[in-house]
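[1] Quick one, fold the following:
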Amino acid sequence: MVAAMRNPSVLLVASLFLAMASAGPATAIGDPELVLDAPELAILGKVATFTGRLHDGGVGLAFQQVDLHVDGVRVMSRFTDLGGRYTFYWMPNERGVLTVHTAVLALTGYPLESDRAEVFVAAPPSPPREVVVYPGALEVDVEVSWLAPHDDGGLPVDEYHVERVDVATGTRTLVAKTGMTRVPDALGWNRSYRHEVVAVNAAGASESGRVDHTTPLPPPPLAVEDLATSGDTRHRIVTVSWSPPDMDPRVPVDRYHVHRSVEDGPFVPLGMTTSSPWLDEVEWDVDYHYHVVAENEGGMGDPTLPIGALLPLPGPPGLVENIAVSGDRVTAEVTVAWEPPLDDGGADVTGYVVERSDNGSAWSPLASVGPEAVLTDPVLYDVDYTYRIQVVTEAQVGEWNTSTNVTIPTPVPPSPPVDLHFKGRMTADTIDLVWSPPADDGGLPIEGYRVYSSPDGLDPWTFGRETTGTTEPFAGEWNSTYHYRVTAVTRDHEGAPADLSFTVPARSELVVDLLGLEADEYRVCDSTESRCSGWRPIGREASIAWDEFVVQVSHTVTFWNGTWDSGVEGGSVDDVVGEVKICEDGASSCSQVCAGCSDLPVVYDRATVGPDEVVADADGIVTRVSSFPLSWPYGVYCVTTDFYFMAGSGTDLFTQWWYAGTRLCR
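    Modelled structure (predicted):
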């Protein structure tokens, strides 16, 4: 029983026999069938796969042992799976045609065999023989040749694979897949290679046939072609150009050597380059010759025939243009500026030479400057200077061009400040002394002003302070007179003074422009006295229009609005009352001065003029018109107006009587 367990086939047969004996008489069973699927081609030394199936004919057999037979010899056994399938993996060890079948032990006690199949066993070919490399016309053009393998492995050779291996780098390159036994290949110069050739049939590829080969150095190049020179005279550059040698392009040129000869002397190397052209910096009016030699790993080529080059010396430059000289009294310097020449002679301007003459003396070198075309020269005052300039190029120098004369006068003291006046407020005790810069600064910038004072306007004057502005405040008192002096100050001088005497009015006075009456030959007297003592030409503030019967007097008052300024008008008036008188002068002509109406016959007397309250317009102007019928004979009359103003506001009400007298000639 133990032996039976070790042999499944015996166990299976015994089990079937017992089952049939206990079941009684046998029933009808279908025919079992054994199928084999075998490859037509197997590779020697490689595993071949055989598959098949056991059809039990309805018996329901299981655990069947299937045997594989090769040329009638059982080589291995396998069990089928539950579906009756089986697989054999078998490695053939000889070539040729093999007959294979499978067999199984059936219930009847004799083997159940599959159909027989023929399997052809082949092998890859042996390596190609006698691999050789033949150099071509150019030694880097080669042909790889070989003979067919001794053994094709039982199958014809389909093709050959040729690879090239760079020995130095190990790089592999497929050269060709071919059915021929010769292939061309292009190699590099001076390198070691290995060519490997394998034969390929349906069973696979052979081992490689190999050959090692080293290419030679390339041949030296030929002489270069089309050697030529061209010149850039301005920049002193000779350009040497050429074309590569006329030879097989696979013969390399690694570099070119440029040689030069000076004035028929020996050729000396200038340097190497990998391409044309070569730029050579040279001198003017020197005879140069050049040749070029190509070189590669194989050596130096033949030199070219020499070719010459000569750059002529550029001409002299023209004159500088537009010389301008200007003096600065502050710095005591002369600035000399100019423009480059219109013609530089063919060479770049590198600079200028400047010379100077003092008061017509001999020329002396002053400076050599670069191409910036400007020069600043420290000089003395009151000396006459002349400059001349010469252009310098890389090749030559030009002629002199002379400037106009320039003299810087010594600075003088500045003139007095102008428009010196006082400015203040009606209710304050601080007053500003105000002025404008002098008309002439004397040649130097005004650095400030000095303010002096004197109690009586006479020497000595007391220095107060120095200021850079044009306003100086001082504390004034009402109804007091002051004397001030202002001078302008420069770096070197203090100028002449501007003097001003000014009386601060009493608090009971107003400072206004007095009324005048305007007519053809009228004169007006501005006075706060009872009689006119100083007549002036008619101003702009009033007019008198009259005919045979009516005299109309217009009073135009310019008001003051809280600040007073000896140079500015303005004002406000709260109340105006007054009178107009026309008196017969009795003078024989209009040239006499009207003395007023105090001691003359009164022709017309109007005691009240205008309403009590007056409102000014936007410009601070109010006009009072007095019209009255009047007829008097032709003669000389005096028209006077006598006005009383109340001005200011609140508790600051101040009054002033003033008179304007006009002499009428009719």
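
[2] Kindly tell me how buried Glu33 is, as a neighbour count.
    Glu33 has 14 neighbours, counted by other Cβ atoms under 10 Å. Backbone N, C-alpha and C define where each C-beta goes, glycine included.

[3] surely Pro184 meets Val142?
    Yes - here Pro184 reaches Val142: they are 7.2 Å apart, a contact under Cβ atoms under 8 Å.

[4] quick one: which of those two has more around it?
    Neighbours per residue (other Cβ under 10 Å) separate Pro184 from Val142, with Val142 holding more: 22 against 12.

[5] did I read that right, the more buried one in a strand?
    Yes - checked against DSSP: H, G, I helix; E, B strand; the rest coil, Val142 lies within a strand.

[6] returning to that earlier point: list residues touching both of Pro184 and Val142?
    Gly136 (Cβ atoms under 8 Å, 6 or more residues apart in numbering).

[7] Is there a neighbour count for the closest residue to Leu222 other than its chain neighbours? I'd like the number.
    When the adjacent residues along the chain are set aside, Leu222 lies closest to Pro245, with 3.9 Å between them (Cβ to Cβ, 6 or more residues apart in numbering). For Pro245, the neighbour count with other Cβ under 10 Å is 21.

[8] Tell me which residues touch Pro245, please.
    Counting by Cβ under 8 Å, 6+ apart, Pro245 has contacts Pro221, Leu222, Ala223, Val224, Glu225, Val253, Ala294, Gly301.

[9] So the first one sits against Asn296, correct?
    Translated: Pro221. Yes - here Pro221 reaches Asn296: they are 5.7 Å apart, a contact under Cβ under 8 Å.

[10] Pull up the overlap in contacts between the two.
    Contacts common to Pro221 and Asn296, judged by Cβ under 8 Å, 6+ apart, are Val251, Pro252, Val253.

[11] In the residues you listed, which residue is surrounded by the most others?
    Val253 (20 neighbours).

[12] ok so that one is a strand residue?
    No - using three-state DSSP, the secondary structure at Val253 is coil, not a strand.

[13] related to what we said a few turns ago, nearest to Ser453 among the contacts of Pro245?
    Val224 (99.0 Å; Cβ to Cβ).

[14] Quick check: the gap between Val197 and Gly57.
    57 Å (Cβ to Cβ, to the nearest Å).

[15] More neighbours: which of those two?
    Val197 (25 against 14).

[16] got a list of what that one touches?
    Pro127, Pro128, Val131, Val144, Trp146, Tyr160, His161, Val162, Glu163, Ser208, Gly209, Arg210.

[17] Ramachandran angles for the last one?
    Put plainly, it is Arg210. phi -130, psi 160 (degrees, to the nearest 10).

[18] partner residues bridging it?
    Note on Arg210: beta-bridge partners Glu196, judged by DSSP bridges.

[19] what's the neighbour count on it?
    14.

[20] Look at it and report its pLDDT.
    The model reports Arg210 with a pLDDT of 94.

[21] wait, Asp328 sits on Pro411?
    No - Asp328 is not in contact with Pro411 according to Cβ under 8 Å; the separation is 11.1 Å.

[22] From the neighbour counts alone, determine which of these two ranks first.
    Pro411 (19 against 13).

[23] Can you give me every residue that contacts the more buried one?
    Arg329, Tyr381, Gly442, Gly443, Leu444, Thr490, Arg491, Asp492, His493.

[24] which residues touch the nearest residue to Arg329 once chain neighbours are set aside?
    Setting aside the residues directly before and after it, Arg329 is nearest to Gly443 in space (Cβ to Cβ, 6+ apart), at 4.0 Å. By Cβ under 8 Å, 6+ apart, the residues touching Gly443 are Arg329, Val330, Pro409, Thr410, Pro411, Val412, Thr490.

[25] Spatially nearest residue to the last one, not counting backbone neighbours?
    When you say that, I think you mean Thr490. Once flanking residues are discounted, Thr490 sits nearest to Leu444: 3.8 Å by Cβ to Cβ, 6+ apart.

[26] likewise the fourth one?
    In this structure, Thr410 finds its nearest non-sequential neighbour in Tyr381, 4.1 Å apart by Cβ to Cβ, 6+ apart.

[27] So the one you found is in contact with Leu444, correct?
    No - at 11.4 Å, Tyr381 does not count as touching Leu444 under the criterion of Cβ under 8 Å.

[28] quick one: which of these two has more around it?
    Applying other Cβ under 10 Å to Tyr381 and Leu444 shows that Leu444 carries more neighbours, namely 17 against 13.

[29] Spatially, which two of the contacts of Pro411 are the most separated?
    Tyr381 and Thr490 (14.0 Å).
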